[in-house]
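S.K.: here is my input; please provide its structure:
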Amino acid sequence: MSQLRNHTPAAPARDRSESRFPGGPVADPAGSHHERRIRSFQPRRSRVTTGQGDALTRLWPRWGFEIDGKSVLDLDEVFDGLPVVLEIGFGMGEATALMGAADPGTGILAVDVHTPGQGNLLGLAEKHGLSNIRVANGDAIILLREMLAPGSLDGVRVYFPDPWPKKRHHKRRLIQPEFLTLAAAALRPGAVLHCATDWEPYAEQMLEVLSAHPDFENTEPGGGYAPRPDFRPLTRFEGQGLDKGHTVHDLLFRRVADSGRRTG
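M.R.: Have a look, this model is predicted:
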């Protein structure tokens, strides 16, 4: 009898397609565990604060959406006709919110898989009245490949992506020729792909693959790295790296028109 009285049935396992927050982002919107592509990101497990969870529950139905690969987004409808910049990997969203506040005439489509960061950015957007920010949950590759119309973006930002420092993991780095081809298809001619990293070997790889890609040209007249533009905020993470002696490299490459593609 005592065994029966003390026994508590185990809670049923949560379906991975369900959200931890009512109406909020789900764990795997595109069922991407079925896809055998090498991933450039590693989902992190960390605690969602009460405020972040509240923002996810209240604001996700209005400003968030899943990257499920099922349909092409109408960015004009989503952003009320604003030009749209895609930001891939926004961390906790502080820099994204600052850029959104500084440029309310540009829509920011911010993509990440980090649930606390998604909630934090939604909360910042509400706090500061930033109606030009939308938060997307899932794999940016699926978004670029299946959910964005050709020439629909006015820019792509990739700030401090995972450097995957071990040589055997270099194949996981996001900035590769295949990614650049997808980004080029979604960018209008003249739009800029802006990357930043404080990992020197990754900066060198970025410069090499971007310089070699026929759909992009360096905005720096002499080639090489660019000064940090004023519109990219100096984040706390970046400041910590600078305090440790890290060098941050910015790379700004322009999408060239098809007729102006370089050869050779």
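S.K.: quick one: the helices in the chain, in order.
M.R.: Listed in chain order, the helices of the chain (DSSP state H) span 2-6, 50-63, 75-78, 94-102, 115-127, 140-142, 177-186, 200-212, 236-243.
S.K.: count of neighbours near residue 120?
M.R.: Neighbour count of residue 120, defined by other Cβ atoms under 10 Å: 25. Bear in mind the C-beta positions are built from the backbone N, C-alpha and C, glycine included.
S.K.: so who does it touch?
M.R.: 52, 55, 92, 93, 94 (Cβ atoms under 8 Å, 6 or more residues apart in numbering).
S.K.: okay, it: pLDDT?
M.R.: pLDDT recorded at residue 120 is 98.
S.K.: repeat for the one 5 residues further on
M.R.: Listed pLDDT for residue 125 reads 98.
S.K.: go on, residue 241?
M.R.: So, for residue 241, pLDDT stands at 81.
S.K.: repeat for residue 177
M.R.: Residue 177 is assigned a pLDDT of 96 by the prediction.
S.K.: what's the closest of the helices of the chain to residue 170?
M.R.: The closest of those to residue 170 is helix 200-212. By Cβ to Cβ, the value is 7.6 Å.
S.K.: for the closest residue to residue 232 other than its chain neighbours, list each beta-bridge partner.
M.R.: Nearest residue to residue 232, sequence neighbours excluded (Cβ to Cβ, 6 or more residues apart in numbering): residue 196, at 6.6 Å. Bridge pairing for residue 196 (DSSP bridges) gives the partners residue 159, residue 250.
S.K.: contact partners for residue 196?
M.R.: Going by Cβ under 8 Å, 6+ apart, residue 196 touches 158, 159, 160, 228, 232, 248, 249, 250, 251.
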